[in-house]
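A.B. asks: no sequence on this one, just coordinates:
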């Protein structure tokens, strides 16, 4: 059976499917909650896996590797967008604004807004730990930083959210 994953024999279609929802949520986060951009990042990530430009060697878990592939693709996508905007501005064209959907103001909306306002690294760490259910060690692997750095960013993110949100049940 041909599944398109011959370049990544350690990766199964079933394993990718089981992680898709969590990885898509990560892509949304990396794309500042722009669904179209997140979908582009996911498509580019899956294409890289199928064509073998992103290869799973088993040095980490499939989950951490896949989150890393999506993170790298989102970074590449962001660099391309920034370059496009700079070129458009240089030649006098007005770049279209990339819309960030607004979250309704409820407790969930307040939390999402507070998380989005965190410094980039703190947000990445917090979302991987809370939403993707990574351990701090796995988070360090995905982000390519030390476990000490992950602990620091995680602690600071939680403290900032406590300070900004206070008790939510009032």
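C.D. replies: Noted; the coordinates are in hand. In this text, all values refer to a predicted model and were calculated from it rather than measured experimentally. Numbers count the residues shown, from 1 in each chain.
A.B. asks: what are the buried residues along the helix or strand of the chain with the lowest mean pLDDT?
C.D. replies: The weakest-scoring helix or strand in the chain, judged by mean pLDDT, DSSP states H and E, is helix 107-116 (a mean of 73). By neighbour count on 16 or more other CB atoms under 10 Å, the buried set for helix 107-116 is 110, 114, 115. All C-beta atoms are positioned from the backbone trio N, CA, C, and that covers glycine.
A.B. asks: closest one of these to residue 50?
C.D. replies: residue 115 (31.9 Å; CB to CB).
A.B. asks: what about the residue lying closest to the closest one once chain neighbours are set aside, how many residues nearby?
C.D. replies: The shortest distance from residue 115 to any non-neighbouring residue, by CB to CB, 6 or more residues apart in numbering, is to residue 123 (6.0 Å). For residue 123, the neighbour count with other CB atoms under 10 Å is 19.
A.B. asks: which residues does residue 123 contact?
C.D. replies: 29, 115, 116, 157 (CB atoms under 8 Å, 6 or more residues apart in numbering).
A.B. asks: re the thing from before, what is the least confident helix or strand of the chain packed up against?
C.D. replies: On a contact count with 3 or more CB pairs under 8 Å, 6 or more residues apart in numbering; DSSP states H and E, helix 107-116 meets helix 120-130, helix 147-165.
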